[in-house]
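K.L.:
Give me a 3D structure for the following:
(one chain, ligands or ions: 1)
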Amino acid sequence: MKRVITYGTFDLFHKGHYNLLKRAKALGDYLIVGVTTEQYDEYRGKVNVIDSLMERIEHVRHTGFADEIIVEDHIGQKIEDIQKYGIDIFTVGSDWQGAFDYLKGLCDVVYLKRTRDISSTMLRARNQKIIRIGIIGSGRIANRFVPEAKRVSSVNIEAVYNPNIESARTFGETYELDTYTDDWNVFLDKIDAVYIASPHGTHYGYIKSSLDAGKHVLCEKPMVLQKVQAQELFSLAKQKELVLMEAIKTAYSPGFIKLLSIAKIGSIGQIYDVEACFTKLAPENTRELKDVKYGGSFTELASYPLLAVVKILGSDYEEVKFESFNNKKDLDIYAKAYIKYKNCLATVKVGLGVKSEGQLIISGSKGYIIADAPWWKTQSFETRYEDTAQNEKYFFKFQGEGLRYEVNEFATMINSSEKKGFKLTAGESTAIAEIMEKFLENRKL
Ligand code: CTP
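P.N.:
Okay, here's the model as predicted:
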């Protein structure tokens, strides 16, 4: 009996997939089809798969060509499967020509002619309305956003708005955008959604105006610095059935999401403590260290560690206390927040003028999780125990600057009927805004 194996994502199942499976089956007597998991596709850089794993498996099953369906979830699995299942022929479409020649020592490798003029990518582009995004502000983070957004096929950066037309022009020309403008109405006319990358103090006004104009909003962190503002804006978004999302990239990245799951399934027992640190040395004359109202290390950097705390311990803390060292402008160059929950504690440590190890440690009754610096670009973490033989290390890819994950989530939420996700909820963003607000109140004293 000749055993054949093939793999694929099989998203938005199409004629090309059908033909491939039919030909694969015809190569032998028994066909095994490996269908990729969402996580593995994300790892491979495919961040916009639409159908769920179960739907994709069902579509493959429905063809009647597969004698067995397996799930592909890690790199190197093909070599393992070929040996495990005693495979004679490995096959894939000709778009992969040469890519699997390394399997030739184990079995025959056959590249089947690919069906022309059809692919999941084409269907995704055709089925989905492309979301036209306009950028508000044209500073450092906006410059990082454009190349990342290009990785997400369902969005297009259409326009940039800046009240300073020269800044808008430079940005627009650099990224060859169709529109750069200092006219708010011209800007709104061109877009379905905004990405707000302007200074912190302007966020509230821009979010409100954008929601009022019926636009979805992705806003840089810290979204707002007052609890009531966060509550008001999230309820406005809900009422208008629009997406409002805070752009804390870590929240949407695969490594961090996995870390949260591992922490929550009890692998380190009951969680008692979260310690998260983020420092980034900044020159004296930067906006972060000069803007007397909104500057300082806490407003600038604490979104990341607060995200970790709120995601792991929840939004219902009992008490928060702060300590900081300030510069001559009374802006904190180093700050700590101690957050007390009913049965656990958290420490947040940030610095623009003090450098420290950017790690995240979650301590529990059975062990702890440590995510190495920079933990907010989660590429690896380890669960550690008294008995070191039980330690386990996890590795992930954090693609590029990581903003593509939040853009992808933003687009997915816009296209969903519920208009809400679980990766960073309104309640969690509001809790972060509240802690920021308390910090600023405390700094004034
Ligand atoms: N395939 C094919 N003909 C097509 C499209 C895909 O023969 N027109 C084959 C691929 O070569 C692969 C299998 O179908 O062996 C599953 O491919 P998959 O990556 O799931 O499909 P694509 O349509 O190529 O997906 P995407 O556009 O997301 O890359």
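K.L.:
Tell me the pLDDT of the closest residue to Asn415 other than its chain neighbours.
P.N.:
Distances taken as Cβ to Cβ, 6 or more residues apart in numbering place Gln128 nearest to Asn415, at 6.7 Å, with adjacent residues excluded. Using the backbone N, CA and C atoms, a C-beta is placed for each residue, glycine as well. The predicted local distance difference test score for Gln128 is 73.
K.L.:
From what I see, Gln128 and Asn156 are in contact.
P.N.:
No - in this structure, Gln128 is not within contact of Asn156 by Cβ atoms under 8 Å, at 11.2 Å.
K.L.:
what residues are shared contacts of the two?
P.N.:
Residues within reach of Gln128 and of Asn156 at once, by Cβ atoms under 8 Å, 6 or more residues apart in numbering: there are none.
K.L.:
residues near the residue nearest to Asn415, how many?
P.N.:
Counted by other Cβ atoms under 10 Å, the residues lying close to Gln128 total 15.
K.L.:
Tell me, how many residues neighbour the residue of the stretch 51-200 of the chain found nearest the ligand?
P.N.:
The stretch 51-200 of the chain approaches the ligand most closely through Gly93 (1.9 Å), counting by Cβ to the nearest ligand atom. By the other Cβ under 10 Å criterion, the neighbourhood of Gly93 contains 20 residues.
K.L.:
State the number of residues packed around the nearest residue to it once chain neighbours are set aside.
P.N.:
The spatial neighbour of Gly93 that comes closest, neighbours along the chain excluded (Cβ to Cβ, 6+ apart), is Arg114 at 4.1 Å. Residues within reach of Arg114, counting by other Cβ under 10 Å, total 17.
K.L.:
before we move on, what about Tyr102?
P.N.:
Applying the criterion other Cβ under 10 Å, we find 11 residues in the vicinity of Tyr102.
K.L.:
residues in contact with it?
P.N.:
Residues in contact with Tyr102, defined by Cβ under 8 Å, 6+ apart, are absent; none qualify.
K.L.:
How is it assigned, secondary-structure-wise?
P.N.:
Reducing the assignment to helix, strand or coil with DSSP: H, G, I helix; E, B strand; the rest coil, the entry for Tyr102 is helix.
K.L.:
The residue nearest to Gly93 belongs to a helix?
P.N.:
No - read with three-state DSSP, Arg114 is coil and lies in no helix.
K.L.:
For Lys15, see how far away it is.
P.N.:
Here Arg114 is placed at a distance of 11 Å from Lys15 (Cβ to Cβ, to the nearest Å).
K.L.:
who touches both of those two?
P.N.:
Jointly contacting Arg114 and Lys15 under the rule Cβ under 8 Å, 6+ apart is no residue at all.
K.L.:
With the ligand in mind, check whether the worst-scoring helix or strand of the chain on mean pLDDT reaches it.
P.N.:
Every helix and strand in the chain was compared by mean pLDDT, DSSP states H and E; the lowest is helix 120-127, with a mean of 84. Yes - residues of helix 120-127 contacting the ligand under Cβ under 6 Å from any ligand atom: 120-121.
K.L.:
Need the CA coordinates for that helix. PDB is fine.
P.N.:
As requested, the backbone C-alpha atoms of helix 120-127 are provided in PDB (Å, rounded to 0.1, in the frame of the first residue of the first chain):
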ATOM      1  CA  SER A 120      -6.800  31.700  -0.600                       C
ATOM      2  CA  THR A 121      -5.000  35.100  -0.700                       C
ATOM      3  CA  MET A 122      -6.900  36.100  -3.900                       C
ATOM      4  CA  LEU A 123     -10.200  35.000  -2.300                       C
ATOM      5  CA  ARG A 124      -9.500  36.900   0.900                       C
ATOM      6  CA  ALA A 125      -8.800  40.000  -1.100                       C
ATOM      7  CA  ARG A 126     -11.900  39.600  -3.200                       C
ATOM      8  CA  ASN A 127     -14.300  38.600  -0.400                       C
END
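K.L.:
Buried residues in that helix, which are they?
P.N.:
120, 123-124 (16 or more other Cβ atoms under 10 Å).
K.L.:
Report the separation between the two terminal residues of stretch 53-73.
P.N.:
Across its full length, stretch 53-73 reaches 11 Å end to end, with Cα to Cα, to the nearest Å as the criterion.
K.L.:
Report the mean confidence score over it.
P.N.:
Stretch 53-73 shows a mean pLDDT of 98 in the predicted model.
K.L.:
Contacts for that stretch, please.
P.N.:
The set of residues external to stretch 53-73 that reach it, using Cβ under 8 Å, 6+ apart, is 7, 9-11, 13, 17-18, 21-22, 24-25, 30-40, 51, 78, 81.
K.L.:
Name the nearest residue to the residue nearest in space to the middle of the chain, sequence neighbours excluded.
P.N.:
With the centre of the chain defined as its mean C-alpha position, the nearest residue by Cα atoms, centre = their mean is Tyr252, 2.6 Å away. Using Cβ to Cβ, 6+ apart and skipping residues adjacent in sequence, the residue nearest Tyr252 is Tyr405, 4.0 Å away.
K.L.:
buried stuff in the strand or helix carrying that neighbour?
P.N.:
Using DSSP states H and E, the secondary-structure element containing Tyr405 is helix 403-415. Neighbour-count burial for helix 403-415, with 16+ other Cβ under 10 Å as criterion, is recorded at 403-414.
K.L.:
Just the buried positions in the next helix or strand along the chain from it, please.
P.N.:
Proceeding C-terminally, helix 403-415 gives way to helix 426-444 as the next helix or strand, assigned by DSSP H and E. Counting neighbours by 16+ other Cβ under 10 Å, one finds that the buried residues in helix 426-444 are 426, 428-437, 439-440, 442-443.
K.L.:
Tell me which of those residues has the lowest pLDDT.
P.N.:
Arg443 (83).
K.L.:
I'd assumed Glu323 was in contact with that residue.
P.N.:
No - assessed by Cβ under 8 Å, Arg443 is found out of contact with Glu323, at 10.9 Å.
K.L.:
How about the stretch 201-350 of the chain: which residue is closest to the ligand?
P.N.:
Distance from the ligand to each residue of the stretch 201-350 of the chain (Cβ to the nearest ligand atom) is smallest for Pro254, at 17.7 Å.
K.L.:
pLDDT score for the nearest residue to that residue once chain neighbours are set aside?
P.N.:
In space, Pro254 comes closest to Glu42 once its chain neighbours are excluded; the distance is 4.9 Å by Cβ to Cβ, 6+ apart. According to the predicted model, the pLDDT of Glu42 comes to 82.
K.L.:
Please give the element, helix or strand, for Glu42.
P.N.:
Assigned by DSSP H and E, Glu42 falls within helix 38-43.
K.L.:
Near the ligand, which residues of this structure are found?
P.N.:
Near the ligand, the residues belonging to the chain are 8-11, 16-17, 20, 92-93, 95-96, 114-115, 118-121 when assessed by Cβ under 6 Å from any ligand atom.
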